[in-house]
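Visitor: predicted model and sequence follow; I will ask about them next.
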Amino acid sequence: MDPLTSGKYPEIMREKVGERLPEFTEEESKLLAGSFDFLGLNYYTTNYVSLVEPAPDTFPSYETDPGVEYSTERKGIPTASNWLFVCPKGFKELLLYVKEKYNNPLIYVTENGRGNDVNEHAHSLQDSQLDTYRIDYYYRHLYYLLSAMSEGVRVKGYFAWSLFDNFEWKNGYLVGFGLYHVNRSDGSLDRNPKLSAKWFADFLQKPQPKPNLN
């Protein structure tokens, strides 16, 4: 983001990456700075990280450049996806960080959502449709989104991930993220709304009480 907002990479990144980082001419920097119309932001979960200095013989790469290690102890409520722990407060913290760090850009939340609590094939269609945990996820994340907007964050749009159960790179079709269930067991691919789809439609039509944030 730094090149798109200031026309240059941050100094700490130059120190870490060195000659592998491209140099911009003065003209290129001017063209880059402020050249985006909006920022598309994805948020699912929050992780802990700790500082780690790579060993001297470590081959430099995108993964080693940050010099951090992700903790196996995650913050939040676990889900069927081992990388996704529910932590809605982190959503607001990220939005406020972007506001302060990048001069309050216009933001579209392009992905926000969670998968099922259990393996998609481990329960019936009826069970898949009773996704109260997904309603809780969206409700609390949207509350913190509204809270961030009340503090000046410029969010123009929000996209739930996702409309239909989809193919996930890590879990395939085992963990459905959709507001609509897709029946793949008999090959029909029938779409059936989950409870979260009905809740979302209602949520958009009328005011809601403050969610339980505990």
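Guide: Structure's in. What do you need? Values in this document were obtained by computation on a predicted structure and should not be read as measured data.
Visitor: return the helix or strand hosting Q126 as PDB; C-alpha atoms alone will do.
Guide: With elements taken from DSSP states H and E, the one containing Q126 is helix 125-129. Listed next in PDB are the C-alpha coordinates belonging to helix 125-129 (Å, rounded to 0.1, in the frame of the first residue of the first chain):
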ATOM      1  CA  LEU A 125     -29.200 -30.300   4.600                       C
ATOM      2  CA  GLN A 126     -31.400 -29.200   7.400                       C
ATOM      3  CA  ASP A 127     -28.500 -29.000   9.800                       C
ATOM      4  CA  SER A 128     -26.500 -27.000   7.300                       C
ATOM      5  CA  GLN A 129     -29.300 -24.500   7.000                       C
END
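Visitor: report the distance from that helix to the chain centre.
Guide: Chain-centre distance of helix 125-129: 25 Å, with CA atoms, centre = their mean, to the nearest Å.
Visitor: so after it, what's the next helix or strand?
Guide: Helix 125-129 is succeeded, C-terminally, by helix 132-150 (DSSP H and E).
Visitor: pretty sure I107 contacts G152?
Guide: No: counting by CB atoms under 8 Å, I107 does not reach G152; the two are 11.6 Å apart. To be clear about C-beta, it is placed using only N, CA and C from the backbone, and glycine gets the same treatment.
Visitor: who has more neighbours out of these two?
Guide: A direct count of neighbours by other CB atoms under 10 Å for I107 and G152 places I107 higher, at 23 against 11.
Visitor: the more buried one pairs with what?
Guide: Beta bridges link I107 to L39, V155, judged by DSSP bridges.
Visitor: quick check: the gap between it and L4.
Guide: Distance of I107 to L4, given as CB to CB, to the nearest Å: 13 Å.
Visitor: got a list of what V17 touches?
Guide: Residues counted as contacts of V17 (CB atoms under 8 Å, 6 or more residues apart in numbering) are 9, 60, 65.
Visitor: swap in T45?
Guide: Residues in contact with T45 (CB under 8 Å, 6+ apart) are 74, 76, 83-87, 90.
Visitor: sort out for me which of these are in helices.
Guide: Cross-referencing these against helices under DSSP state H gives G90.
Visitor: just the contacts of T45 now: which is nearest F164?
Guide: F164 lies nearest to L84 out of these, by CB to CB, at 18.3 Å.
Visitor: can you pull the buried residues of the helix or strand hosting K30?
Guide: In this assignment (DSSP H and E), K30 forms part of helix 26-32. Going by neighbour count (16 or more other CB atoms under 10 Å), the buried part of helix 26-32 is L32.
Visitor: and if you look at stretch 138-152?
Guide: Buried positions in stretch 138-152, judged by neighbour count with 16+ other CB under 10 Å: 138-145, 148.
Visitor: next: stretch 188-205.
Guide: Quick answer for stretch 188-205 (16+ other CB under 10 Å): 194, 196-197, 199-200.
Visitor: same thing with stretch 18-27?
Guide: F24.
Visitor: domains of the protein?
Guide: 1-33, 37-46+77-203 (automatic domain parsing).
Visitor: just these: most buried one?
Guide: domain 37-46+77-203 (a mean of 17; mean count of other CB atoms under 10 Å).
Visitor: ends of that domain, how far apart?
Guide: Length of domain 37-46+77-203, first residue to last, CA to CA, to the nearest Å: 29 Å.
Visitor: I am finished for the moment; much appreciated.
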